[in-house]
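1. let me see the structure of the following:
(chains A, B and C)
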Amino acid sequence: MNLAALLLTYAGLLALALTRSPYRRAVLPREPAPTLVRLLPPCGWLLLVVSACLLGSNLGWPLGLVTWCADIAGGGFALIMLLAWHPRLTPLPLALAAGLLL
Amino acid sequence: MAVVTSPARHRLGIAARTLAAVAGGYALAAFTTTALALALRLPRSEAVMVATLPSFLLFAAAVVWAFAARTAWRAWAGILAPTLAAAGVTWWLHGGPGP
Amino acid sequence: MKETFRQSMSWLHTWSGLLLGWVLFAIFVTGTATYFRWEITRWMQPEIRQTGTPYDAARAAWQRLDSVAADSPQWFVELPDGRAAATTLFWRHAGPGRRFGRETLDSATGRPVVARDTRGGEFFYRFHFQLQLPHPWGRYLAGVAAMFMFVALISGVITHRKMFADFFTFRPGRAPLRAWLDFHNVTAVLALPFYFMISYSALVIFMTMYMPWGGRVLAESASSARAGRPAPTASAWVAPADFAPMLATAQAAWGDGQRALKRIEVANRGTDKCTVTLTRADGPKISLNAREQLRFDGVSGQLLDPPVTAAGPGTAVHDALYGLHLARFAGPALRWSFFTMGLLGSALVATGLVMWTMKRRARGGAGLALVERLNITAIAGLPVAIAALFWANRLLPVDLADRGDWEVYGFLCAWGFMLMHPLVRPVMAAWHEQLRLGAALFLLLPLLDALTAGPCLRAAWQHRDWAHLGFDAAMLGCGLLLHFAANRVHRRLRLAATAAAPAASAGSTVHA
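-> Numbering: from 1, shown residues only, chains lettered A, B, ... in the order given. All right, here's what the predicted structure looks like:
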């Protein structure tokens, strides 16, 4: 459950990063439709809120929010390092998780 | 930082601000703590907690003010005035001018 | 005013970050290590293995204290809990003054451990806020460093205007200064709540030392009430109650699992005011005061009602900040997250220190030369010193007198050498050599562990003792990190050499 929240945080941050066109060019094979791009910021924030709620309901709000901040730091650092050196691999953690789930 | 023409005056300004930030800021934080602790009329340990917890925030604010104020004089005045006020409140609540 | 608010805050950020930056870096690194304080102790005393429940260990500890500290007025016992393997006893010596005895027990035999003497993870914990300085100066210096950090954080946030727009910006390919600034910003923004929490709570933890005045004025007001307390009188020894029923009560309440009995404190032994307090292992509650306790009357053995504490909001905030700083509530995953944020904080301080020199390298000067050398000692030298501590732990003779102190001398000597070394070497070469040395020492540490503590390592593998194995893995990780840093410096060195060589040959042809 806590791992799911970490992945949601990562996905939310990735969506927020993709709102900027240089990262879209680096990560995605081609530019997505403008409507999709416009949906990215609300999606990103929604994912972050959902992960916070998940942690809050699972661990209680004090510990949940502390864990959420830690997830943003850890997930965000991993994302930024991947964006800088291997941008194509940024969706990999999510793909791995989806693969394990299926 | 006030930029003044001569480097000597510039250095003097920085020294004055640094003194205001460190000594003045600490005095402000300390006297505010004592004034708050006495004014709150809470159980002793709780009064100490409530009065001391925000003191470091105030100290930091004083440091920021000391280096942001337009002149070194203003930096000193802006810290000294509330410090004296807090010291006055402390003295008043801690026995005051006597019976 | 010619300079803007932001410019003056940038100035404040630069200098508040620099002046105690080296101290701050050392505090950050040792504090980060302290998250794994017990695991470090386990690796540094690989002979000790936990067996049995904490209740067995408690019985053994009680027996031991009955024989070595029968007339003591105060006992403390820390029990093994899956993280700490040994039982630690403290007792206050009878008579005037505050003198304490200390012993470490093997939880299996209940006898003093037959293990190498070491400070273990306690060294990092103590160094984190005392800096190996005489009391109370280390604590004051650490407090000043925390205040500098807090000011640097505030002024840094004001200076860095595009905080969220730049959230993901890290361009390692750009000009060095730009890339370093990016990395500085990234490490800052990612864990910003952590930095604010850690620096403010550091001040709060020792606030009675740093800001004692609130207590002073109130103590004077309340001193009349205090004066009425009767002085303790030397009366006849009152025999304490039997311990076994108290232990049974605790076991019934808390069970044998992860969160069993952790701490025993016996106060006022030998008087009719004697109390026995049993404390449960830390749970997932943040506040340090949320510990579950059972208090017994030490003479009758009766369970006492929990003390009524009128905890107001101020006390609650204080206890929450204290708990957050220590992060005892964190399970393994969250502890690793805190460890990562500690590393990010160390990187934040280190990049700030290096950037100060990068901006001024063109200008030169005595100040630059000093800062450049101190940076090498603090950033690249500290890992070497820490590695030296671990090497000393494995290489010093096991029966050496004051062995734990010698390990610390090894740490200090290594750091001293790292202070001298940049004086006789060019700056970039000194960076490269110290990083390379640190990388080699950390990367070889698991090998040294296998050679000098092979049976313990094998036993750790058989018992799935992740503390020992995880420590070796973490050392490999630290070594790799230093190795990559050394590689980057080496690339810069080679580039500078190839750039300088044609220039030199061109110059010589002109002169010829």
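
2. rest of the way, CA atoms for contacts and neighbours
-> OK.

3. so where do the strands sit in chain A?
-> For chain A, no strands are identified by DSSP state E.

4. what parts of it come near chain C?
-> Residues of chain A lying close to chain C by Cα under 8 Å from any Cα of the partner chain are A:17, A:62-63, A:67, A:69-74, A:76-77, A:80-81, A:84.

5. so which of those residues is the closest to residue B:91?
-> The closest of these to residue B:91 turns out to be residue A:62 (Cα to Cα; 40.0 Å).

6. biggest helix in chain B, by residue count?
-> With secondary structure taken from DSSP state H, chain B has its longest helix at helix B:72-93.

7. which residues make contact with it from outside it?
-> Residues from elsewhere that reach helix B:72-93 (Cα atoms under 8 Å, 6 or more residues apart in numbering or on different chains): B:2, B:13-14, B:16-17, B:20, B:24-25, B:27-29, B:31-32, B:34-35, B:38-39, B:62, B:65-69.

8. what do you get for stretch C:136-155?
-> By Cα under 8 Å, 6+ apart, stretch C:136-155 touches B:56, B:60, B:63-64, C:9-10, C:12-14, C:16-17, C:20-21, C:23-24, C:27, C:128-132, C:195-196, C:199-200, C:202-203, C:206, C:210.

9. try it again with 7 Å
-> Contact partners of stretch C:136-155, identified using Cα atoms under 7 Å, 6 or more residues apart in numbering or on different chains, comprise B:60, C:9-10, C:12-13, C:16-17, C:20, C:24, C:129-132, C:196, C:199-200, C:202-203.

10. before we move on, what about stretch C:82-90?
-> With Cα under 7 Å, 6+ apart as the contact definition, stretch C:82-90 has outside contacts at C:38-39, C:42, C:48-50, C:57, C:75-80, C:100-107.

11. 8 Å - rerun?
-> Stretch C:82-90 is contacted by residues C:38-39, C:41-42, C:48-50, C:57, C:61, C:65, C:75-80, C:100-107, C:258, C:467 when judged by Cα under 8 Å, 6+ apart.

12. grab the nearest non-local neighbour of the residue of chain A at minimum distance from chain C.
-> As assessed by Cα to the nearest Cα, chain C sits closest to residue A:73 within chain A, at 4.7 Å. In this structure, residue A:73 finds its nearest non-sequential neighbour in residue C:190, 4.7 Å apart by Cα to Cα, 6 or more residues apart in numbering or on different chains.

13. from chain B, how far out is that neighbour?
-> Noted for residue C:190: a distance of 22 Å to chain B, by Cα to the nearest Cα, to the nearest Å.

14. wait, doesn't that residue sit right on residue A:72?
-> Yes: assessed by Cα atoms under 8 Å, residue C:190 is found in contact with residue A:72 at 6.8 Å.

15. neighbour count: those two, which is higher?
-> The residue with more neighbours, out of residue C:190 and residue A:72, is residue C:190; 25 against 21, by other Cα atoms under 10 Å in any protein chain shown.

16. which residues are in contact with that one?
-> Contacts for residue C:190 (Cα under 8 Å, 6+ apart) come out as A:72, A:73, A:76, A:77, C:167.

17. columns pLDDT on top of those, output as JSON lines?
-> Output for the contacts of residue C:190, formatted as JSON lines (pLDDT from 0 to 100):
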{"residue": "A:72", "pLDDT": "95"}
{"residue": "A:73", "pLDDT": "96"}
{"residue": "A:76", "pLDDT": "95"}
{"residue": "A:77", "pLDDT": "95"}
{"residue": "C:167", "pLDDT": "83"}
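
18. before we move on, back to that, cross the residues of chain A next to chain C against helices and list the overlap.
-> Using DSSP H, these in helices are A:17, A:62-63, A:67, A:69-74, A:76-77, A:80-81, A:84.

19. from these, which two are the most distant?
-> It's A:62 and A:84 that sit farthest apart of those, by Cα to Cα, at 33.1 Å.

20. for residue 21, grab the count of nearby residues.
-> You didn't pick a chain, so chain A it is. Residues lying near residue A:21 (other Cα under 10 Å) number 12.

21. please go with chain B instead
-> By other Cα under 10 Å, the residues close to residue B:21 number 25.

22. find the nearest non-adjacent residue to it, please.
-> Leaving aside its sequence neighbours, residue B:21 sits nearest to residue B:63 (Cα to Cα, 6+ apart; 4.4 Å).

23. and what of residue C:293?
-> Nearest non-adjacent residue to residue C:293, counting by Cα to Cα, 6+ apart: residue C:279, 4.4 Å away.

24. what helix or strand is the one you found located in?
-> Assessed by DSSP states H and E, residue C:279 sits inside strand C:275-280.

25. looking at chain B, which residue is nearest chain A?
-> Taking Cα to the nearest Cα as the measure, chain B has residue B:53 as its residue closest to chain A, at 19.7 Å.

26. distance of that residue from residue C:58?
-> Per Cα to Cα, to the nearest Å, residue B:53 is found 38 Å from residue C:58.

27. higher neighbour count, the two?
-> Each of residue B:53 and residue C:58 has its neighbours counted (other Cα under 10 Å); residue C:58 has more, 25 against 21.

28. what's the straight distance from one end of stretch C:125-139 to the other?
-> The straight-line separation of the ends of stretch C:125-139 (Cα to Cα) is 12 Å.

29. show me how far it is from its chain's centre.
-> 11 Å (Cα atoms, centre = their mean, to the nearest Å).
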